[in-house]
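A.B. asks: Turn this into a model:
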Amino acid sequence: MSFLRTVRLSDFRNYEAADLHDLGRGFVVLYGSNGAGKTNVLEAVSLLSPGRGLRNTKLSEIQRQEGHSPWTVFAQCASTYGDIPIGTAYDIGRDKRQINIKGVPAKAQTALSDYLNIIWVTPQMDGLFLGGASERRRFLDRLVFAKDAAHSGRVRRYENLIYERSKLLKNEDIPNDPVWLDSLEAQIAETGIAIAASRLDYIERLRHAISENTLNITPVFPTAALTMTGFIEDSLGKIPALEIEKKFKNHLKNARDIDAIQGGASLGPHRSDLKVTFVPKNMDAANCSTGEQKALLLGIVLAHCWLIKQENDAAPICLLDEVAAHLDPQRRKSLYAVLENMEAQVWLTGTDRNLFEDTPKQTRFFKVERGQIYPE
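C.D. replies: Sure thing, here's the model as predicted:
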């Protein structure tokens, strides 16, 4: 399994400097009052994976206001390759973040996924089933990326192609070049189908993980049925992919006038949605109670962790922000037991230390107070 032995921060959010060391394979608990900086530590850990972290925020907003140097996150990672030093830092001049692995600059953020697999649940995700489809797609794509490292690149490429087409359609000073538009739309169709196929493949794998229920995740965390809905997803498996690709290209061509006005494209995997059903009640997740939605989300994440554990022989690092406070004692105890059996490194935050009395004996506790971290 992969886990973090050490995490060090500098000029990160409210931390001038912080050092968490002697971390083991199991649970890491950060407790303290609201606003002390617990979630900031989880955010720092999340930035050891590709993307913009669990807050999905601008890099400049992470910089400590009184800081004299760009923010940095350093970690010593225990992996199948041995102990690996990994770091990320803010490049202020280019407004990008740099990645260093074993002291060597990485060419792309995706290199982090060769060593670490990180998943998180935050309070902001409580509205996942009620909010817009874009949040659910982003959630699913993060899960898919853990199994298909190329998925993130396909999504970025697709977004760039849609942007280039939209820019070309809106440019009134330059007549639309039909040859260039045809080429862009052919690439959009090909990439879009690859994205949809990757999402559907992951959902099918996750269904199997949920149905096997090896770790007895249900009924404590109810079974969720996942379905991806959209033009491409509804067609894949029913008609040949090449025919879908042709239909998608034709639609893009015929919709140029309307897309020039509205922007983007009216059809494609960027319009698809993840539908989640609460199986015991055969109810759409959006219509479930807040508690049921929380349990559904945790059930999906636990099933994902088990799927990664089965196929990679190592569970992801789990970042669970303020999760324990919203669970009854039995569910809380069951959550800890499932994660312990999965042999995952789990980071938990909460205001009350007593919420974590059922965690394993080897749990490392840290008290957080106003940007200072004190190990017990």
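A.B. asks: Below-threshold pLDDT in this protein: ranges please.
C.D. replies: The model of the chain has pLDDT under 70 over residues 1, 172-176, 213-219.
A.B. asks: Would you tell me which helix is longest in it?
C.D. replies: Scanning the chain for the helix with the most residues, using DSSP state H, yields helix 178-212.
A.B. asks: Give the other helices and strands that that helix contacts.
C.D. replies: If you count contacts as 3 or more C-beta pairs under 8 Å, 6 or more residues apart in numbering; DSSP states H and E, helix 178-212 packs onto helix 133-147, helix 151-170, strand 224-229, helix 231-235, helix 241-254, helix 290-312. From N, CA and C alone the C-beta is placed, and that goes for glycine too.
A.B. asks: Could you list the buried residues of the first one?
C.D. replies: When burial is assessed from 16 or more other C-beta atoms under 10 Å, helix 133-147 yields the following buried residues: E135, R136, R137, F139, L140, D141, R142, L143, V144, F145, A146, K147.
A.B. asks: which one among these gets closest to G263?
C.D. replies: The nearest member of the buried residues of helix 133-147 to G263, counting by C-beta to C-beta, is R137 at 17.9 Å.
A.B. asks: Next, the contact list for that closest one, please.
C.D. replies: Contacts of R137 were listed using C-beta atoms under 8 Å, 6 or more residues apart in numbering, and they are P269, H270, S272, D273, L274.
A.B. asks: Count the neighbours of the closest residue to the third one other than its chain neighbours for me.
C.D. replies: So the one you mean is S272. Nearest residue to S272 in three dimensions, chain neighbours excluded: G230, at 3.0 Å (C-beta to C-beta, 6 or more residues apart in numbering). When neighbours are defined as other C-beta atoms under 10 Å, G230 has 21 of them.
A.B. asks: okay but G230 is in contact with I193, surely?
C.D. replies: No - between G230 and I193 there is no contact under C-beta atoms under 8 Å: 11.2 Å.
A.B. asks: CA atoms only for stretch 25-35, dumped as PDB, please.
C.D. replies: Extracted C-alpha coordinates of stretch 25-35, given in PDB (Å, rounded to 0.1, in the frame of the first residue of the first chain):
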ATOM      1  CA  ARG A  25      -0.300   3.000   7.700                       C
ATOM      2  CA  GLY A  26      -3.500   3.600   9.600                       C
ATOM      3  CA  PHE A  27      -5.600   6.500  10.900                       C
ATOM      4  CA  VAL A  28      -4.500  10.200  11.300                       C
ATOM      5  CA  VAL A  29      -6.900  12.300  13.300                       C
ATOM      6  CA  LEU A  30      -6.800  16.100  13.400                       C
ATOM      7  CA  TYR A  31      -9.100  17.700  16.000                       C
ATOM      8  CA  GLY A  32      -9.700  21.200  17.200                       C
ATOM      9  CA  SER A  33     -12.000  24.100  17.000                       C
ATOM     10  CA  ASN A  34     -13.600  25.400  13.800                       C
ATOM     11  CA  GLY A  35     -11.200  27.600  11.800                       C
END
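A.B. asks: Make residue 1 into 16 and carry on from there
C.D. replies: Sure, I'll start counting at 16 from here, so that last one is stretch 40-50.
A.B. asks: OK, contacts around the closest residue to D288 other than its chain neighbours?
C.D. replies: Distances taken as C-beta to C-beta, 6+ apart put A148 closest to D288, at 4.0 Å, once the chain neighbours are dropped. Going by C-beta under 8 Å, 6+ apart, A148 touches R286, S287, D288, L289.
A.B. asks: backbone phi and psi for the third one, please?
C.D. replies: Summarising the backbone geometry of D288 under the convention degrees, to the nearest 10, its torsions are phi -140, psi 150.
A.B. asks: Quick check: it touching T244?
C.D. replies: Yes - D288 lies in contact with T244 (C-beta under 8 Å); the separation is 5.3 Å.
A.B. asks: more crowded one of these two?
C.D. replies: Per other C-beta under 10 Å, whichever of D288 and T244 has more neighbours is D288, with 16 against 12.
A.B. asks: From A161, how far off is that one?
C.D. replies: Distance, D288 to A161, using C-beta to C-beta, to the nearest Å: 21 Å.
A.B. asks: before we move on, what about A256?
C.D. replies: Distance of A256 to A161, computed by C-beta to C-beta: 24 Å.
A.B. asks: How about F246?
C.D. replies: Going from F246 to A161 by C-beta to C-beta gives 26 Å.
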